[in-house]
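K.L.:
predicted model, plus sequence, below.
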Amino acid sequence: MIRHVSLLTFAEGTTDAQVRAIGDALATLPDRIPELRAYAFGPDLAIDAGNATFAVVADVATVDDYVAYRDNPEHQRVIAELIRPVVVARTAVQYEIET
């Protein structure tokens, strides 16, 4: 099993409505991308200073499934239309997990 973790930092001035729109759009992806085994995301709780402002965690069975998720047109649309306009930093990692 492969786990993908993406941490996003949004620009100052990003509105709650923009963050909600991102979450609403991401929530549609599990029904549209059959390769997703588990999918979780949400804004940082702002408990610690310096954190990213949003996290996305996706579990898939194989590297090919990750590539299918990564390149899925609906996923790419969400990134292009909703995330890219407000993100100032992104970091990600993919790693194997035991099932």
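P.N.:
Nice, thanks for sending it over. Numbers count the residues shown, from 1 in each chain.

K.L.:
chain center to stretch 6-24: distance?
P.N.:
Relative to the centre of its chain, stretch 6-24 is centred 11 Å away, using C-alpha atoms, centre = their mean, to the nearest Å.

K.L.:
sketch out the low-pLDDT regions of the chain for me.
P.N.:
Judged against pLDDT under 70, the chain has no low-scoring part.

K.L.:
quick one, strands of it?
P.N.:
Ranges of strands in the chain, per DSSP state E, are 2-10, 36-43, 54-60, 87-96.

K.L.:
burial count for L26?
P.N.:
21 (other C-beta atoms under 10 Å). The C-beta positions use only the backbone N, C-alpha and C, and glycine is treated the same way.

K.L.:
name the nearest residue to it, sequence neighbours excluded.
P.N.:
Excluding the flanking residues, the one nearest L26 by C-beta to C-beta, 6 or more residues apart in numbering is F41, at 5.1 Å.

K.L.:
against D64, how distant is the one you found?
P.N.:
22 Å (C-beta to C-beta, to the nearest Å).

K.L.:
higher neighbour count, the two?
P.N.:
Higher neighbour count among F41 and D64: F41, with 16 against 11, using other C-beta under 10 Å.

K.L.:
contacting residues for the more buried one?
P.N.:
With contact set as C-beta atoms under 8 Å, 6 or more residues apart in numbering, F41 has these partners: 23, 26, 54-57.

K.L.:
now for the lengthiest helix in the chain, which elements pack on it?
P.N.:
Assignment by DSSP state H gives helix 16-27 as the longest helix of the chain. Packed against helix 16-27, as judged by 3 or more C-beta pairs under 8 Å, 6 or more residues apart in numbering; DSSP states H and E, are the following elements: strand 36-43, strand 54-60, helix 73-78.
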